[in-house]
Structures are given as structure tokens and as C-alpha cells.
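*Asks:* Got a predicted structure plus its sequence, pasted below:
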Protein chains: 2
Amino acid sequence: MNQEKEDILQYGQGTFHPGFSVDCVIFGFHANQLRVLLLKVKGDDLWALPGGFVFKDEDVEEAAIRVLKSRTGLDNIFLRQFHLFGKPDRSKTSFNAKLLKQRQIPYDENHWFLQRFITLGFYALVDYSSVTPRPDSNSEACEWWDLQQIPALMQDHSQILEKALEALRLQLAYQPIGYNLLAEKFTMPELQKLYETILGKQLDRRNFQRKILAYDILERLDERRSGVAHKAPYLYRFNLEKYQQALEQGLEGGW
Amino acid sequence: MNQEKEDILQYGQGTFHPGFSVDCVIFGFHANQLRVLLLKVKGDDLWALPGGFVFKDEDVEEAAIRVLKSRTGLDNIFLRQFHLFGKPDRSKTSFNAKLLKQRQIPYDENHWFLQRFITLGFYALVDYSSVTPRPDSNSEACEWWDLQQIPALMQDHSQILEKALEALRLQLAYQPIGYNLLAEKFTMPELQKLYETILGKQLDRRNFQRKILAYDILERLDERRSGVAHKAPYLYRFNLEKYQQALEQGLEGGW
DNA sequence: CTACTTTGTGTCTTGGTTACGCAATGGGGC
DNA sequence: GCCCCATTGCGTAACCAAGACACAAAGTAG
């Protein structure tokens, strides 16, 4: 598999669906901060979203799942496409040409990697603590970055990230969020901090609890989180059945 | 232009972005019914969504606008991408091969038109009365179809249509709808019927009025619709500035 | 001119949201 | 070891939006 990846640039032609890629915005939650998994581009100061190409006979969704698995080691992740980025100048060929040169691949303007690429953006929600970040063959590093201090990104990846966050906020309005982002057991303040971080604003503690409990997707356990300072809060977990149901039906219609 | 279109199948290679298309679900509103513009496929009983390909150096969004303009004659249409359909078997090559044969183009398994296509779905909202449906070179007819009696569609176009409707309903929940679908001046019952049709359910006349007025995007005129039976209803129009603002900010947060 | 449909406006009730108050808890400061 | 205090759990009053429904005014059909 690694061997295969090393050779992507050389043998991509004929292997992948032409002129098309997927890019994933992988959200995690740690230390009360929303974070994003980024790759450090080899031989450049820029960072990039984890992405990849779609095999000729592969479902586009499957390709995104494959990318996610190879960067995080995780399977069975919450994943959703949110936007296709199709401006003709979004993938500057100069950058890709440089990459080819680095690999000492002879220059050919018809090389598949030098064509225009359109990319489908996905966002994913993962449990930060169970991820083992793994760089791919074009990167030197794979690290979590705080949303507040994202480094310079290659191409239009900043816009993709921005749009992903927008889509995530929108989802919050009509679907539950939290499973996949939190550990199995969590406290109410933890869940609240997650919501506050995504929304970028503070919420009233007591009203938050009432509203989220009214969704009827949580189960309070008989345990409390011990060891921490102050009063020990109850632990909760999602009722997966009801959570799934809420995902499908939506939380509030509006009409 | 027509000449160009006639030759698409022959000279598409090198002209279009490979393996990629756009399909548009064009919604109109007439006689209290939501309708969709469909094309009758030449030499087949199936119908299809208006679609097209993306020029090598064209913005994907622009391509959709171009398709819309050439089918409806309209410019400046509300248009939004909603989903990418990327299953590997979604475009059956047998159908496309048949098309090529009809055009007496020699069979070549590497022909661009016989490759796998992934397609980006757009939905558009248009003023029914100002549309002049025009078939393209692959179709015998271009007609409005009532949502309740859609004919058999080619490939996965039924799913695309279904998903478009879903996206439209979702938009209704957090953004205003009506401009683009109604004439400039309209009555409250007309707007209500539009909402009812999209949602597929009846709404209370008085509560609807209160809610929609609370959005503060409508202006009541001093005119009434005369000539119709019964009490003459007031005419309204959208306050474009506030309408636009509501589109961007959303109507109700949820949080 | 009368009957009937449709529109314009208002009210009552209900349920959810917002803005707080207060007691219980449990670790840290002293 | 004891008190302080931030944090948690639970509760309440004011407020607003939504649903259900009543009634008068307008305008056409017969």
C-alpha cells in the first residue's frame, strides 16, 4: 500500500478518475478546542488538508473513507460531503510541477497530475483521542491544529476549511452532534463546550442542559467524573438508537 | 452554438473536463403545483434532467448557469449545488453507446463519452411564466412535469431529483424561498401554496401569514389582486435587500 | 339581493426559550 | 483538618413563538 502510494504520481494516469480529487476536513475535539488534522507539504512551508484521488472504479464516498482511514487509522467515521470546489484556477499547476520535479519524474504537460483538478470537500467528525495521525507520502507531518491558529494552507484549502466549518454549524442547527467527537462517556459541561466551540459563542449552562435533554438522545449514567476539582458531574452517553433516529429525522423543522 | 452542440459527442474529447457532468433540477411553480423541467431522450422512452459538461477551463458553477440558460433562456437564476453523485456504476455505458451508434460514430471503448461520469447536482428556482423551454440536441422535447407524476428517468436521475427536493425542503427551514419562483407581485395565498407544495402539507392560513411577515422580508403594496373571485387579496413583493440578507444570515438558528 | 367563499385581523392556549436564583458538592487554600 | 468557593444539579418567573380557532369584511355567483 505504501509502495503504491509512492508511485501515485508516476502511475496515477489510468488508475484514477481524471481531474478529480477528494479533500477531507477532519474535526477533532481536545482540551476544549475544536481541531483540524493537517498535513505538512514536503519541501514547502504550506500545510494541506488530507486528500486523495478516486480509483477508476471506486465510489467517491469510498475514496474519502479510504483517505480518512489511512490518515487517522479510523474506520466507521462520521463523514459527509459538503461542497464541490470547481473553479478552473483552483489547482495551480506550478505547485504540482514542482512536486513532480522533486520526484524526478520527467516533465510532460499532459501528465495527469498537471491537469486541472476539481475537488469534493468532505468533513469528518472523529474522536480525537483514538486517532493516530499518519502523514502520507507527500507530507512530512500530520498534526492537529487549533481552529484559531490554522497555518497557511496550499491552494484553496483555507476556503474549503472555512466552508466545512459553515456546514458543520448548519448541521448543528438541525441534527445532533457529539457522537464521534467525544469519548463514549462524557459530562454535560464537556458536551456544552463542544457546542460552544463549534458555534463560537457561549451558552447558558442550565438552558443548554434542558434543551439537549429534551432531544431525548442522552442517557445519564450512575457514574460521576471523579478526581476533577469541584463538584463531580454526572457522566452521560448517547443513546445510539435515538441518536441515529434524530440524525435522520432532524431535530426541528422550522415549518 | 447549435452546431457546436451537435458535435459534442464527436469532439467532446479534449474540450470538456473528463468524466464529469452537471445536472440541473429546475423547479418552477404553476397552477399551484411545483414542476420540474425535463428533457425527452431521443429514441428512448426515458426522460432526463437538463445537464451538460464542463469546458476544460470553465468554472463548474458557470457550466450549470450555461445549461440553465440554454434550456430556459433565463439568466440570473437562483442556483445551488446540492450533491455530488459518484457511484461507479451510475452512468451505464450501454446507454451512451447506443447514443453514439445513433449518431453513427464509430465505436471506441476509449471514447470520452463511454467513460465513467460523476455528476454534480444543482437545483434552480425559476419563474415558470418567463421560461421558454428549449430541448437540446439529444432530446426531442423539453417540458414541465408535475412533481406528482414524474415519468421514468434515465440513469440515476430519479435519485437526483429526489435529493434536490430534499435539499429544497431543507433550505425552506432556514432560508426564505419565493423570489425567483413567483412573479414580482404576488398574494399571500399564492406564497402559501408555494410553501405547501414544497413541503407537501397544508398550513394554517393565518399562522402562515403571521410567521412569514415576522421574517420582515415582505412589503405589502396598496394594490389588490382584482378580477378574481371573492375578496380581493393584497399584493406583496419581496424586499430584495432584506431578502438577500435573510438568505445569508439564515432565518432561525436553532441555537 | 342573498348565499357562500375567501381574505384580513385578532385572541386564547400551549410549549419552548431566556434569564435568573439557590442549595449541594468536593477539591484547594490556609 | 476546616473553611472557601467554583462548579454542578435543579428550579422558577417572564417572555415569545406557534397552533387552534373565531368573526367581520369583501366580492362573486346565482
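*Replies:* Looks like it came in fine.

*Asks:* what residue ranges in chain A score low on pLDDT?
*Replies:* Scanning chain A for pLDDT under 70 picks out A:1-7, A:12, A:252-254.

*Asks:* in chain A, which spans are strands?
*Replies:* Along chain A, counting by DSSP state E, strands occupy A:16-30, A:33-41, A:47-48, A:51-55, A:78-85, A:118-125, A:139-146, A:178-182, A:186-187, A:218-224, A:234-238.

*Asks:* export these to a markdown table and tack on mean neighbour count and distance to residue B:170?
*Replies:* C-beta coordinates here come from the backbone N, C-alpha and C atoms, glycine included. Shown next, in a markdown table, are the strands of chain A (neighbours: other Cβ atoms under 10 Å in any protein chain shown; distance: least, Cβ to Cβ, whole Å):
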| stretch | mean neighbour count | distance to residue B:170 |
| --- | --- | --- |
| strand A:16-30 | 22 | 21 |
| strand A:33-41 | 21 | 24 |
| strand A:47-48 | 20 | 31 |
| strand A:51-55 | 22 | 26 |
| strand A:78-85 | 18 | 13 |
| strand A:118-125 | 25 | 17 |
| strand A:139-146 | 15 | 30 |
| strand A:178-182 | 20 | 21 |
| strand A:186-187 | 20 | 29 |
| strand A:218-224 | 12 | 25 |
| strand A:234-238 | 19 | 23 |
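
*Asks:* So which of these is nearest DNA strand D?
*Replies:* strand A:234-238 (3.5 Å; Cβ to the nearest atom of the strand).

*Asks:* who touches the closest one?
*Replies:* A:176, A:178-179, A:184-188, A:191, A:217-221, A:223-225 (Cβ atoms under 8 Å, 6 or more residues apart in numbering or on different chains).

*Asks:* count of residues packed around the closest residue to DNA strand D within the stretch 51-200 of chain A?
*Replies:* Closest residue of the stretch 51-200 of chain A to DNA strand D, Cβ to the nearest atom of the strand: residue A:189 (3.5 Å). Using other Cβ atoms under 10 Å in any protein chain shown, residue A:189 has 15 neighbouring residues.

*Asks:* picking that back up, for residue B:124, which of the strands of chain A is the nearest?
*Replies:* Nearest to residue B:124, of all those, is strand A:78-85, at 16.1 Å by Cβ to Cβ.

*Asks:* That closest one: partners in the sheet, and parallel or antiparallel?
*Replies:* strand A:118-125 (antiparallel) (DSSP bridges).

*Asks:* how far does the partner strand sit from the chain's center?
*Replies:* 8 Å (Cα atoms, centre = their mean, to the nearest Å).

*Asks:* Between strand A:178-182 and that strand, find me the angle.
*Replies:* Relative orientation of strand A:118-125 versus strand A:178-182 (axes from the mean of the first three to the mean of the last three Cα atoms, to 10 degrees): 90 degrees.

*Asks:* Alpha carbons of strand A:118-125, as PDB, please.
*Replies:* Taking C-alpha atoms only, strand A:118-125 is exported to PDB below (Å, rounded to 0.1, in the frame of the first residue of the first chain):
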ATOM      1  CA  ILE A 118     -11.900  19.800  -9.200                       C
ATOM      2  CA  THR A 119     -12.300  18.500  -5.700                       C
ATOM      3  CA  LEU A 120     -15.100  17.400  -3.500                       C
ATOM      4  CA  GLY A 121     -14.900  18.500   0.100                       C
ATOM      5  CA  PHE A 122     -15.900  16.200   3.000                       C
ATOM      6  CA  TYR A 123     -15.900  16.900   6.600                       C
ATOM      7  CA  ALA A 124     -15.500  14.200   9.200                       C
ATOM      8  CA  LEU A 125     -16.000  14.100  13.000                       C
END
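
*Asks:* Without its sequence neighbours, what residue ends up closest to the residue most central in space within chain A?
*Replies:* Taking Cα atoms, centre = their mean, the centroid of chain A lies closest to residue A:26, which sits 1.6 Å from it. In this structure, residue A:26 finds its nearest non-sequential neighbour in residue A:37, 4.1 Å apart by Cβ to Cβ, 6 or more residues apart in numbering or on different chains.

*Asks:* What of residue A:92?
*Replies:* Residue A:92's closest residue in space is residue A:155 (Cβ to Cβ, 6+ apart), at 6.6 Å.

*Asks:* Provide a list of residues in contact with the one you found.
*Replies:* A:48, A:90-92, A:95 are the contacts of residue A:155 under Cβ under 8 Å, 6+ apart.

*Asks:* Now rank those residues by neighbours and give me the top one.
*Replies:* Going by other Cβ under 10 Å, residue A:91 tops these with 22 neighbours.
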